[in-house]
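Chemist: Just a sequence and a predicted model for now, questions to come.
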Amino acid sequence: MSEKKLALIATKGTLDWAYPPFILASTAAALGYQTQIFFTFYGLQLLRKDMNLKVSPLGNPGMPMPLGMDKWFPTIGTAIPGMEAIMSSMMKAKMKKKGVASVAELREMCLESDVKLIACQMTVDLFDMQPDDFIDGIDYAGAATFFEFAGESDVNLFI
């Protein structure tokens, strides 16, 4: 029996969207899957050396709000200047308190587990990013490279 494969596409660059690709990839690698994540558009933020990730409660009605705010605080209030920083700090503190690994730790776990992290070259060029912006140990390739792997994968996920 051949090795199972997992192909992921990561398109989001916020704190809450950083966790799924790294958790799924590291878990799959631990289960013996050959795993690749293709980071495109805003997902490239997850490969930056300096990750300053935030969570935005605006437009995210499923986000549990502290102090029961979802019951009494108007959704439009999440657009108030400074709310993104407050909510991001609260989310990071809660994750730390609950013992959830940081995004940087999960990313490192993926690298140590031989998960292939691929930055979309077209998007890197589009946003005038430089290789120095990104961590070491990643590859740069286009969508065709992703499809070579994804076409043979057992599981394909778009995140």
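Modeler: Noted; the coordinates are in hand.
Chemist: Put the alpha carbons of the helix or strand that contains residue 105 into CSV.
Modeler: Assessed by DSSP states H and E, residue 105 sits inside helix 103-112. Extracted C-alpha coordinates of helix 103-112, given in CSV (Å, rounded to 0.1, in the frame of the first residue of the first chain):
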residue,chain,number,x,y,z
VAL,A,103,1.2,29.3,15.3
ALA,A,104,5.0,29.6,15.2
GLU,A,105,5.3,26.3,17.2
LEU,A,106,2.8,24.5,15.0
ARG,A,107,4.6,25.8,11.9
GLU,A,108,8.0,24.5,13.3
MET,A,109,6.3,21.2,14.1
CYS,A,110,5.3,20.9,10.4
LEU,A,111,8.8,21.7,9.2
GLU,A,112,10.3,19.1,11.6
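Chemist: just how off-centre is it within its chain?
Modeler: Relative to its parent chain, helix 103-112 has a centroid offset of 11 Å by CA atoms, centre = their mean, to the nearest Å.
Chemist: Which strands or helices does it pack on?
Modeler: helix 15-30, strand 116-120 (3 or more CB pairs under 8 Å, 6 or more residues apart in numbering; DSSP states H and E). Any C-beta I mention is one placed from the backbone N, CA and C, and that applies to glycine too.
Chemist: okay, the ones you listed, which one's buried deepest?
Modeler: strand 116-120 (a mean of 23; mean count of other CB atoms under 10 Å).
Chemist: Excluding its own residues, what touches that strand? List them.
Modeler: Applying CB atoms under 8 Å, 6 or more residues apart in numbering, the contact partners of strand 116-120 are 35-41, 44, 47, 107, 110-111, 134, 137-143, 145-146, 149.
Chemist: residues contacting residue 9?
Modeler: 37-38, 40, 43, 146, 157-159.
Chemist: Can you verify it is assigned to a strand?
Modeler: Yes. Secondary structure of residue 9 (DSSP: H, G, I helix; E, B strand; the rest coil): part of a strand.
Chemist: returning to what we had before: the contacts of strand 116-120 in helices, which ones?
Modeler: 107, 110-111, 143, 145-146, 149 (DSSP state H).
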